[in-house]
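**Student:** Make a model of this:
(chains A, B and C)
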Amino acid sequence: MITIDMRRMLRWGMTAGGVMTFTAAVGMLEAFEDRLLIYPVLSLGYLLLLWFVPVAGYQSSNVAVLEGMEAPPRGLHNVIAGAVTGLVGGVVLALFAIVINAFDLRDVFVPFSLKLVGLLTYGLGVPEGLPYAVLAPAALGLVGGLMHLLPASVRRRVILAVEWVVVVALLEQVFSQILRQIRLEVVADRVFTLKALEWWAALAVAALVAAVAERTRGGFGRMRERLFAGDPRQRTRNSAWMAVLVLVFLIIIPQLLGSLLSEVLANVGLFLLMGLGLNIVVGLAGMLDLGYVAFFAVGAYTVGVLTSPLSPRFTLEWSWWAALPVAILTSALAGLLVGTPVIRMRGDYLAIVTLGFGEIVRILFLSDWLSTTFGGAQGVQNIPGIPLGFTEVSGVGPEGVLYFALFFVLLAAWISWSLQESRIGRAWTALREDETVAAAMGINIVRAKLNAFIVGAILAGFAGALFAAKLGSVFPSSFELLVSIIILVVVIVGGMGNIPGVAVGAVVLIGVLGGPNLPGLLAEFAEFKLLIYGALLVFMMLRKPEGLVPSVRRSRELHADELTQDAWLDKSGTLAEAPGGGRGAG
Amino acid sequence: MRRVGLVSLCLFLVAVGCGEDQMQAGPDDPPSATSAVDPVENGGAAPEGSEFVPGPLGAVEVAPGEEIQIRSVNSITGDVASLGTPNQRGVELALDDYGPVAGRAVSMGTPLDDLCSPDGGQAAAQTVVADPAVVGVIGTTCSAAAVAAAPLISNAGMVMIAPSNTSPALTSDLAGTQGSAYQPGYYRTSHNDLFQGRAVALFVRNHLGFERAAAIHDGDPYTQGLTEAFRAAFEELGGEITTFTAVNKGDTDMIAVLTEVAAGGPQALFFPIFMPEGGFIVQQVGGVAGLEDATLIVSAALLVDNFMELSESEGVYISGPDLRFGSNRNSITGRTAEGLLAEYVASYGEEPSGGYWGHAYDATVMLLSAIDRVAVEVEGTLYIDRMALRNEMDRSSLDGIIGPISCDEYGDCGSQRITVLYNTDPRNIEIGKNNVVFDFAP
Amino acid sequence: MTSAAATRLPRRRRPGWVDSFLLAVRIAAIVLLIWGIAGTVVKGINGEGPTGEAWRDLVVAGIAQGAMYGLIALGYSMVYGVLGFINFAHGEVFMSGGMVGFFVANYLWDIRFWDTNFVLSILLVLASSILASTLVAVIVERVAYRPLRDAPRLIPLITSIGISFFLQYTFAGLFGVAVKNYPPPPDYLRARIGFLDLEIEGTKLAVIVVAVVTMVALYLFVEKTRTGRSIRAVAEDKEIAALMGINVDRTIVATFAVGGAMAGVAGTLWALLFRGVSFITGFLPGIKAFTAAVLGGIGNLGGAMAGGVLLGLFEGVGPQLVLAGFGIPGVSQLKDVVAFTALVLVLIFKPSGLFGERLAAEDRA
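**Tutor:** Below you'll find the predicted structure:
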């Protein structure tokens, strides 16, 4: 069994070289070279350049062990394979450096500058730096190969430690802010230099994570078992307590984060609200709506037009509370109007028609024709905040907006959860699985579809109403097609059909990477945000189409084959565990 | 489940209560106090005694050895980066030139991005106001971002000086009416669109002697506002706007819109839009019957190489802020316009890609010198009274790179000079960039 | 699921109000259409609005733009025919052709070859554009779509949205974000040319002629060649095609390649007509072409071309013809509203698109 698969190593090596060359060629190395992660040794640019090499070094000799198979022996050949893989990748990268050094290609390829050559050769230039350009990936590949020699538990800890160090360094803002908020400025100032983690602090974080990792491993599972086992009454009480705990946590969060991070989280909340709505339409009822932003726009414009003293046509100056029901009504109506014509359409037709509706709504709000009502390109300005007792909740105090957003999110989550478990929810699921069969089973297709559209529209209308009060002005540019697509990505990356999944998707994508027109915690990524979005989306679809936090049902559907296969390999041969024939959704 | 819902509602209400308390207790967050206090009577009340008494907006304390904090909020990514990046660099150059303020170094912090949108502007402003040590902001690049950013920054007692906002809503209509988005802490060194609209109208009506003109915008708040200003001014001058219409960003086939315009038989066509739509219009206008001889006028948004190099852009007029800085000299730093441009090229290795670097430079100098004049040092700690700073900004008067700078009561501080350029040779666009055929000063 | 009974069943259950609503929409649409056109005609009689010559130009411009939509739509339709999903990234396939073609054209301009030998230059540009688009289409199929061959159809659709962003911003990173202008075509192409009693701008005529020739070539390819027959067989039924000895994988690659080549042709025509390309050039035309494919009845090649031309006409003529009649200001701003409304109305009248019967019968839409 101990053979060195040359072709496999070459393939992984070329892939690693390709990833590195790509990162450098689109300008990511140069753009992120200034952002230090670990002071003074590692910048974000080099992390992005090199991260894939150890992965490839590990994978190049990794043999998938299915149940019932014997694990192949590990040894020196793994290390050699890793090193060779890295070496191949390094050679590709060095060739790339030689090419940009030799030919002036800047007229065509903007990032191919001599500065890039300098970065690729670690400041030494061609040819002095070339050995380093080759050897650095080789060494990292070797590290990847070495991982095979570690026992599984140690390997897991090392990987976890590395991941955490990167996360802490990347999210410096969050960690230093929390430290400051609990009056530990001293620690924050010592640990972070120039937004980067000090090298000794990085080691400390790694050590801490590695030490803690083993203790809590499986802890969540055990906790869950303890919480949700036992008699039903106990279980209800436990979940109530859990809910209270979560709530208390959510209430403390804004106080802990300060206004800046609250702003980020408030935006997450808005997108989560829309994500929950779209989750009903796409995730539960299986209708691909690419114009979801239209309902968000209708909600925001309704509130804007009714409350603003500068509303072009009306001088109502209603309070937000009075405008909210109207906003809900108008967005529900919009849901009905969009929903009715598309009821008879399926799949792809529905996608393009809803997309068209989204654009129609945006252009109408933008148009000179209706500008006497909606303000056209100048939007509606001076929208007051949400009056609440003696104060006013608006974008000036994002903590207040965050509480509102959290409240609506909880409400929306509760609504969608109840709906999901109700008769309507089962109708949606049936609809998603097979419309014809669902109709044959006596489900009223028209009503089920319209229900989904209207509930989804209302949630987006809520988000829009909140958005208008938060921003204090609405412009048509906030409602572009991209917003619809990003919400869809949030739902899908998080885990379609699953509420916690959507929440995770919103936090990771909107909070960390940033939404359309919104900076996330990693504001540095600005120009490359959508590149990363795209890559992430493709990667998720290929590797984990059920999302980060999958719903059990979808996961089963999408991995039915593998489950069947595993069960077949299983010596006991209990086929009962594999739910068969789940395919054909969507 | 219903009980959980109830509990959550209660907790929510409690939580909002906490939020309120905190908001009210915030040290430098006096809600709407700004409008209640007459600046002249209460501002600048920095007593000479041993204790510093802050004015109604509070004061920034700079402890011994600490730096004075200002921020730059500009569009530094996306399409508008060509405009915002030079703004940010103008701030950096001004900080270097000015040197220490009241004996302290000044820090610009991490450059922030306004993303040229209200959402982005608000998020950036949130970052700024989260740090109470910040005295003032240079930004934003785009008016739409300023509309959302200015209330936050102004309410926090800070000042913001925009180098390239031009929307009248942010200051005034030039006739004494406050703009809808006006904030007391807002200033700008860029011109007000109303001046450019009037300048273009004068150019078309009086200089070219035309009676009939059409205007096209692209749904951007900037282009729409400017065409609107042009329409008003042109009609006031007795001209007739034959068609006022719009294209969408992303449109390519301009035949339809040009046919719509041609039906009115205009002599001139004003379309202050961006690339690539502006390029499509000049390329396709020749093929539309009735517009072959129309005079085309664009704005500084198309003062870019890839537009001016188009062979069809020969004979196009380009209106915009007066960039003939000539021998202008900033009276505070002593830097000349040529010297600043040379320094820019030396520092960043390229010519500025946008026209507002001088405005950003002057804005920064204006802020720093105002801080210099109001800062009071008491026992080693430097105090900068926020109200006093605003009053000092109102009184600012200097000669800048862009010409004379002094603020009106709504924060319009720029020189308001507008020029019209004439692109004569797409093969050598430097000629066109300096070929001023009309200029306007209020 | 193809049995008639299954599709008839839900129809019996539909409550009446949806039908009445749709009927009302239909009637309203027709009334408004006639009203708007009448308004425009009255205006025309009074000497307002565009002249007859201007109307002709609008129609020609609409057809030229529509021909391009049609060429891109072919790629959507072909992929849909074989794989049953919408390849959202096809607009970016088109953009990559236009972008790569630009650098070739720019080089030819720099060495002064473009002026002296325009025909050869444009053929070189066309070849490079086709090559680039085909290559991108095939690589995308190999990397992203092949592993998803049997996944539920939402999955490849969403993957293609991801690919679309990825390609856009890769091109932005590699080549910069600025708009790039092709060198101008020679004067004889830009002048008006007499054609069937009509005076048409040379570039537009060239675009229309090339689009027609390409369409005919594609028709012959699909109908007459071996690969074409395989493509049709795979579109009918993958399993049976495989049993008949057709290499399904290779046929699918061929489909993507042909669709990519069509997009490459569209990229060069774009360069002739509009000249400006940037990394987002593909996005909106891609969506419009998708619309065109649906309008014509997706999966139907002739329908895609017809849908493209119709959509171009709706966009080009619709605002002036219908909306201006109501006295709406700034009608050009609303042309996408007209285009998408037309799509919705067509689908209300004919839920499977204009030429989409075959697919509707098979219940694939």
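
**Student:** Tell me who's in contact with the most centrally placed residue in chain B.
**Tutor:** Centroid check for chain B by C-alpha atoms, centre = their mean gives residue B:165 as the closest residue, at 2.1 Å. Residues in contact with residue B:165 (C-beta atoms under 8 Å, 6 or more residues apart in numbering or on different chains) are B:140-143, B:146, B:188, B:190. All C-beta atoms are positioned from the backbone trio N, CA, C, and that covers glycine.

**Student:** That one should be in a strand, yeah?
**Tutor:** No. Going by DSSP: H, G, I helix; E, B strand; the rest coil, the assignment for residue B:165 is coil, not a strand.

**Student:** follow-up on the earlier one: out of the contacts of residue B:165, the closest to residue C:109 would be?
**Tutor:** residue B:141 (34.0 Å; C-beta to C-beta).

**Student:** Under a three-state scheme, what state does the closest one occupy?
**Tutor:** Under the three-state scheme (three-state DSSP), residue B:141 adopts coil.

**Student:** I'd like to know how many residues surround it.
**Tutor:** Residue B:141: 33 surrounding residues under other C-beta atoms under 10 Å in any protein chain shown.

**Student:** Next, the contact list for it, please.
**Tutor:** Contact analysis of residue B:141 by C-beta under 8 Å, 6+ apart lists B:74-75, B:80, B:83-84, B:87, B:114, B:116, B:162-165, B:356.

**Student:** Including pLDDT and secondary structure, could those go into TSV?
**Tutor:** Converted to TSV, the contacts of residue B:141 look like this (pLDDT from 0 to 100; DSSP: H, G, I helix; E, B strand; the rest coil):
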residue	pLDDT	secondary structure
B:74	93	strand
B:75	90	coil
B:80	81	coil
B:83	87	helix
B:84	90	helix
B:87	94	helix
B:114	89	coil
B:116	87	coil
B:162	96	strand
B:163	95	coil
B:164	92	coil
B:165	92	coil
B:356	92	coil
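
**Student:** Tell me the most packed of those residues, by neighbour count.
**Tutor:** Neighbour-wise, the contacts of residue B:141 (other C-beta under 10 Å) top out at residue B:162, 36 neighbours.

**Student:** Looking at strand pairing, list the partners for the closest residue to residue B:52 other than its chain neighbours.
**Tutor:** Nearest residue to residue B:52, sequence neighbours excluded (C-beta to C-beta, 6 or more residues apart in numbering or on different chains): residue B:383, at 4.4 Å. With DSSP bridges as the criterion, residue B:383 is bridged to residue B:61, residue B:376.

**Student:** Around chain C, pick out the residues from the stretch 401-550 of chain A.
**Tutor:** Residues of the stretch 401-550 of chain A that fall close to chain C, judged by C-beta under 8 Å from any C-beta of the partner chain: A:435-436, A:439-440, A:444-446, A:481, A:485, A:488-489, A:492, A:527-528, A:530-531, A:533-538, A:540-542, A:545.

**Student:** Mind giving me the ChimeraX select for these, buried ones only?
**Tutor:** To isolate the buried subset of these in ChimeraX, counting by 16 or more other C-beta atoms under 10 Å in any protein chain shown, use the following:
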select /A:435,436,439,444,445,446,481,485,488,489,492,527,528,530,531,533,534,535,536,537,538,540,541,542,545
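
**Student:** Close to chain B as well: tell me which of the residues of the stretch 401-550 of chain A next to chain C qualify.
**Tutor:** residue A:527.

**Student:** Which of the residues of the stretch 401-550 of chain A next to chain C fall within strands?
**Tutor:** For those, not one is inside strands, with DSSP state E as the criterion.

**Student:** and the residue nearest to residue B:52, how many neighbours does it have?
**Tutor:** 19.

**Student:** What of residue A:380?
**Tutor:** So residue A:380, with other C-beta under 10 Å, has 26 neighbours.

**Student:** Residue A:472 is in contact with that one, correct?
**Tutor:** No. Contact criterion C-beta atoms under 8 Å: residue A:380 and residue A:472 do not qualify, at 9.8 Å.

**Student:** can you pull out the strands in the chain?
**Tutor:** No chain specified, so I'll use chain A. A:36-39, A:42-43, A:192-193, A:196-198, A:386-388, A:391-393.

**Student:** my question was about chain C
**Tutor:** Using DSSP E, strands in chain C cover C:180-181, C:192-195, C:198-201, C:276-277.

**Student:** coming back round to it: can you say which of the strands of chain A is nearest to residue B:313?
**Tutor:** Comparing these by C-beta to C-beta, strand A:42-43 comes nearest, at 42.2 Å.

**Student:** what residues does that closest one touch?
**Tutor:** So strand A:42-43 is contacted by A:32-37 (C-beta under 8 Å, 6+ apart).

**Student:** Adjacent strands (with direction) for it?
**Tutor:** strand A:36-39 (antiparallel).

**Student:** Can you tell me what sits against the strand it pairs with?
**Tutor:** By C-beta under 8 Å, 6+ apart, the residues outside strand A:36-39 that reach it are A:42-44, A:47, A:165-166, A:169-170, A:193-199, A:202.

**Student:** Residue C:318 reaches residue C:337, doesn't it?
**Tutor:** No. Shown here, residue C:318 and residue C:337 do not form a contact pair, counting by C-beta under 8 Å, at 9.2 Å.

**Student:** okay, now the domains of chain A?
**Tutor:** A:1-149, A:255-488+A:495-507 (automatic domain parsing).

**Student:** winner for burial among the strands of chain C?
**Tutor:** Each of the strands of chain C was scored by mean neighbour count; the highest is strand C:276-277, a mean of 25, by mean count of other C-beta atoms under 10 Å in any protein chain shown.

**Student:** Identify the residues contacting that one?
**Tutor:** B:252, B:275-276, B:279-280, C:95, C:98-99, C:102, C:179-182, C:267, C:270-271.

**Student:** and those residues, which are buried?
**Tutor:** Buried, going by 16+ other C-beta under 10 Å: B:252, B:275-276, B:279-280, C:95, C:98-99, C:102, C:179-182, C:267, C:270-271, out of these.

**Student:** Spit out the contact partners of residue B:182.
**Tutor:** Residue B:182 sits in contact with B:169-172, B:410-411, where contact means C-beta under 8 Å, 6+ apart.

**Student:** Among these, which lie within helices?
**Tutor:** For those, not one is inside helices, with DSSP state H as the criterion.

**Student:** export these to JSON lines and tack on distance to chain A, pLDDT and neighbour count?
**Tutor:** As requested, the contacts of residue B:182 are exported to JSON lines (distance: C-beta to the nearest C-beta, whole Å; pLDDT from 0 to 100; neighbours: other C-beta atoms under 10 Å in any protein chain shown):
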{"residue": "B:169", "distance to chain A": "7", "pLDDT": "89", "neighbour count": "23"}
{"residue": "B:170", "distance to chain A": "10", "pLDDT": "92", "neighbour count": "26"}
{"residue": "B:171", "distance to chain A": "14", "pLDDT": "93", "neighbour count": "28"}
{"residue": "B:172", "distance to chain A": "15", "pLDDT": "92", "neighbour count": "19"}
{"residue": "B:410", "distance to chain A": "16", "pLDDT": "93", "neighbour count": "23"}
{"residue": "B:411", "distance to chain A": "17", "pLDDT": "92", "neighbour count": "26"}
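
**Student:** At the contact with chain A, which residues of the stretch 101-250 of chain B appear?
**Tutor:** Residues of the stretch 101-250 of chain B lying near chain A (C-beta under 8 Å from any C-beta): B:110, B:113, B:115, B:117-120, B:122-124, B:126-127, B:129-130, B:144, B:147-148, B:151-152, B:155, B:169, B:180-181, B:217, B:219-221, B:223-225, B:244-246, B:248.

**Student:** Quick one: buried ones out of the residues you listed?
**Tutor:** Buried by 16+ other C-beta under 10 Å: B:113, B:115, B:117-120, B:122-124, B:126-127, B:129-130, B:144, B:147-148, B:151-152, B:155, B:169, B:180-181, B:217, B:219-221, B:223-225, B:244-246, B:248, out of these.
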